[in-house]
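[1] With the input below, show me the fold.
(one chain, ligands or ions: 1)
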Amino acid sequence: MKVGCRLLIQSRSVVLGFTKSPMLIRNHHISPPRFLGLQCRNRTQKPFSVTYPNWGQSRVFPATCCSSNKDNSGKPRYVSDYSTKLETSVNNKNFEKIYVQGVDDVDEKTPVVVENKDGAVDRDGEESRLKDVPNEKLVSLDPAERVESDAEKEAWRLLKQAVVTYCGSPVGTLAASDPGDTTPLNYDQVFIRDFVPSALAFLLRGEGEIVRNFLLHTLQLQSWEKTVDCYSPGQGLMPASFKIRTVPLDDTKVEEVLDPDFGESAIGRVAPVDSGLWWIILLRAYTKITGDYAMQERVDVQTGIKLILNLCLTDGFDMFPSLLVTDGSCMIDRRMGIHGHPLEIQSLFYSALRCAREMLASDEGSKNLVRTINNRLSALSFHIREYYWIDMKKINEIYRYKTEEYSTEATNKFNIYPEQIPHWLMDWIPEEGGYMIGNLQPAHMDFRFFTLGNIWSIVSSLTTPKQNDSILKLIESKWDDLIGNMPVKICYPALEYEEWRIITGSDPKNTPWSYHNGGSWPVLLWQFTLACIKMGRIDLAKKAVDLAESRLYDDHWPEYYDTRNGKFIGKQSRLYQTWTIAGFLTSKMLLENPEKATLLFWEEDYDLLEICVCATKTGRAKCSRGAAKSQILV
Ligand code: GLC
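    The predicted structure follows:
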């Protein structure tokens, strides 16, 4: 049977000079949606011409068709022997040309300039930090040159098996491929956040094509028509996941279509705020590792970055520089009391802004945007460092807080009642070390320790060097609680009893010490490893990776583990979870080649600390940042 593949792309352009009102965006449909296919009548890419202030770029997607041989099972083809490589090594010492299969607006076989990373200097002016790498022995990542453990061999086999193709090209990995799972729900889709560790594993092995395809295809999904009960979210929204569906055209032909889910089918109908942020972070990782800088310079890629930023930077009612989101808008995608300003989103937001600043073309059209990014980065890092940080000293301060303070000079700005300090915390907080709380709202601090937010704050330098060090110290001293039998606890402690009932809405999947509610997630290993390498604590990462390696293989790569110390495979945990597999492989490769890790983290940006755009200039209020700076710096 013949398979036709269509990208279902419509031309759109972004023109200089109007406002960014969402109404305006919705009013700019210039042609009726077009789509062939059964399930996807409403899943049309949104054709539009829309205006953005100071963005003088046009973004054009020509329709592209391709065809491939295909089995006639009606299912998308998953590659079991995936070994696609960039056609010439991207690690070659010289500039060179490579040929990339056409999936976009380049002709099939369009040459793309690849620059060697050794010569690469960021737009920030940051030079490659290879010289700062701990003096570890560099080990080859080429499987032919090193002996892989059984666990690694199995992991690679499974990761390759999880690869999904579209029009014959690899475009992502399934969330899970558990053969015993009769109700895969949406685990048979490619999730944006789940693909990140897969992408890194492939990139670190020199296999860039799948990542490039993923980035370009998801970019095209960005402007899809997406509606929940007649309301459409903004254009920059990236889907949580996508599926490749096969749609019959006639008796002999079928067509493959990409079918994204923006949250309109997801449990709880939550928009995945983290998807766009991860997309930007992955784009930068792809560029740094492959040296394919031409990718980020493409007009459609530049516009994609701007659309995401536009969603994040749009003015609203906020009083804080942190992003205001609904519950479940990130890795924890069910109700867990993380609505408001959860740390995970703030740390991803911060690093996505840093990535975008590096990648945006330095032209007239981007000037204002870069200024906005700088201001936001500066305000955000101050806000988080100052108000989210807790350690023994800070808890003691909160314990003695005065409340009901009315003035711009208040110490207890958010009116936190000291009674809120939970009993567990008084006993738990170590003498040395500290961490960022999970969330901050008026009269509410969520004192739970959320691992991804804390670790990614280290990686992105949202936290100060001293705070970074303290977070790792805390993890080390609370090893049994946060690592236990399986790295790494998603959050600590679990919500129990009445709190569980009220905050999770009696969620039977998020029972105490299970799943998002204090479960242990092996995928977090790669972020932990990265943070440890950055902070020169390779010993900690190795200990965690060894622990995971000894169990994951035997346990068939579960999605998560249950109980206080992560002793049991999660009650409803999928097996053969791809990001568990990929996270393990990525951690191993980063540990063996820490110089690659330097391409994935950020150092403190001292210039940002100088930017202050607060009310001091009006004379209305005193700037507290100057005074606080001495405390929060290094
Ligand atoms: C669960 C996780 C989410 C992940 C998805 C697919 O819903 O909470 O973070 O993306 O599974 O693995």
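[2] which residues does the closest residue to the ligand within the stretch 351-500 of the chain contact?
    Distances between the stretch 351-500 of the chain and the ligand by C-beta to the nearest ligand atom are smallest at residue 490, namely 8.9 Å. All C-beta spots, glycine's among them, are computed from the backbone N, C-alpha and C. Residues near residue 490 by C-beta atoms under 8 Å, 6 or more residues apart in numbering: 331, 332, 450, 451, 452, 516, 518, 519, 520, 521, 524, 560.
[3] Look up which residues are beta-bridged to the third one.
    Legend: beta-bridge partners of residue 450 under DSSP bridges are residue 491.
[4] Please tell me how far the most centrally placed residue in the chain sits from the ligand.
    Centroid-nearest residue in the chain, with C-alpha atoms, centre = their mean: residue 278, separated by 2.8 Å. From residue 278 across to the ligand, the span is 10 Å (C-beta to the nearest ligand atom, to the nearest Å).
[5] What is the three-state secondary structure of that residue?
    Three-state assignment for residue 278 (DSSP: H, G, I helix; E, B strand; the rest coil): helix.
[6] in which helix or strand would I find the nearest residue to residue 180 once chain neighbours are set aside?
    Excluding the flanking residues, the one nearest residue 180 by C-beta to C-beta, 6 or more residues apart in numbering is residue 575, at 6.9 Å. Using DSSP states H and E, residue 575 sits in no helix or strand.
[7] What of the one 4 residues further on?
    According to DSSP H and E, residue 579 maps onto helix 578-592.
[8] mind exporting that helix as PDB, just the C-alpha atoms?
    Extracted as PDB, the C-alpha positions of helix 578-592 are listed here (Å, rounded to 0.1, in the frame of the first residue of the first chain):
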ATOM      1  CA  THR A 578      11.300   5.800  27.200                       C
ATOM      2  CA  TRP A 579      12.500   8.700  29.200                       C
ATOM      3  CA  THR A 580      13.600   6.400  32.000                       C
ATOM      4  CA  ILE A 581      15.700   4.500  29.400                       C
ATOM      5  CA  ALA A 582      17.000   7.700  27.700                       C
ATOM      6  CA  GLY A 583      17.600   9.500  31.000                       C
ATOM      7  CA  PHE A 584      19.800   6.600  32.100                       C
ATOM      8  CA  LEU A 585      21.800   6.600  28.800                       C
ATOM      9  CA  THR A 586      22.200  10.400  28.800                       C
ATOM     10  CA  SER A 587      23.500  10.300  32.400                       C
ATOM     11  CA  LYS A 588      26.000   7.700  31.600                       C
ATOM     12  CA  MET A 589      27.300   9.600  28.600                       C
ATOM     13  CA  LEU A 590      27.500  12.900  30.400                       C
ATOM     14  CA  LEU A 591      29.500  11.300  33.200                       C
ATOM     15  CA  GLU A 592      31.900   9.800  30.700                       C
END
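[9] Residue 286 contacts residue 196, doesn't it?
    No - taking contacts as C-beta atoms under 8 Å, residue 286 lies outside contact range of residue 196: 10.7 Å.
[10] Neighbour count: those two, which is higher?
    Set residue 286 next to residue 196 and count neighbours by other C-beta atoms under 10 Å: residue 196 wins out with 25 against 22.
[11] Just want the angle from the helix or strand that one falls within to helix 578-592.
    Residue 196 belongs to helix 192-204 when assigned by DSSP H and E. Interaxial angle, helix 192-204 versus helix 578-592 (axes from the mean of the first three to the mean of the last three C-alpha atoms, to 10 degrees): 40 degrees.
[12] mean confidence for helix 192-204?
    The average pLDDT within helix 192-204 is 98.
[13] and it, how far out from the chain's middle?
    Centroid separation for helix 192-204 versus its chain: 10 Å, with C-alpha atoms, centre = their mean, to the nearest Å.
[14] Also stretch 477-490?
    The chain centre lies 22 Å from the centre of stretch 477-490; the measure is C-alpha atoms, centre = their mean.
[15] Which positions within that stretch qualify as buried?
    Neighbour-count burial for stretch 477-490 flags 477, 478, 481, 482, 483, 484, 485, 486, 487, 488, 489, 490 (criterion: 16 or more other C-beta atoms under 10 Å).
[16] So for that stretch, first residue to last residue, what's the gap.
    17 Å (C-alpha to C-alpha, to the nearest Å).
[17] One more: stretch 398-412?
    Stretch 398-412 stretches 8 Å from its first residue to its last (C-alpha to C-alpha).
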